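> Quick one, fold the following:
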Amino acid sequence: YDGKCVFCRIARREEPGTALLPCEDEDLVCFRDIKPGAPHHYLVVPVKHMGNCKTLKAEHIPLVKRMMEVGKAVLQKNNFSDLNDVRMGFHWPPFCSIAHLHLHVLAPASQLGFLSRIYYRINSYWFIT
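Down below sits the predicted model:
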């Protein structure tokens, strides 16, 4: 836990302004992005503080898969069912504003605005899927 990290505080329910969405995984939390790039824009975050996506190793593959499953489940719970029209990924440092691992879940990807299409561009220098 890092008390200076806003995502750690959100995960511990210490940020009353951020509502957590129902999540089936006790090691993860999910909430809406404060600057949504799509009609559905959620962040899936490990409760335990982890560095950004550059710190991921092979042993983290199951965690990332669980993060993706939680993202899909949250979309479905929020009446979005076309899982072929979803974009998920991580901003690559130095383009991530919070140094706590967080997966962006955006849908429908086909409705991303002009800037969002750039900011969340698939496998770009700054956003990896």
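
> my guess is Asn123 meets Trp92, correct?
No. Asn123 is beyond contact range of Trp92, at 9.9 Å (criterion: CB atoms under 8 Å). No exception for glycine: its C-beta is placed from N, CA and C like everyone else's.

> Between these two, tell me which one has more neighbours.
Of the pair Asn123 and Trp92, Trp92 is the one with more neighbours under other CB atoms under 10 Å, namely 16 against 9.

> Let me see the backbone angles for the more buried one.
The phi/psi pair for Trp92 (degrees, to the nearest 10) reads phi -80, psi 130.

> tell me the pLDDT at it?
On pLDDT, Trp92 comes in at 90.

> isn't there a strand covering His100?
No. Counting by DSSP: H, G, I helix; E, B strand; the rest coil, His100 is not part of a strand but coil.

> right, and it touches Val44 too?
No. Using CB under 8 Å, His100 is not in contact with Val44, being 11.6 Å away.

> Settle it for me: which of these two has more neighbours?
Val44 (27 against 20).

> Who does that one form a beta bridge with?
Listed beta-bridge partners, Val44: Cys30, Leu103 (assigned using DSSP bridges).

> I am finished for the moment; much appreciated.
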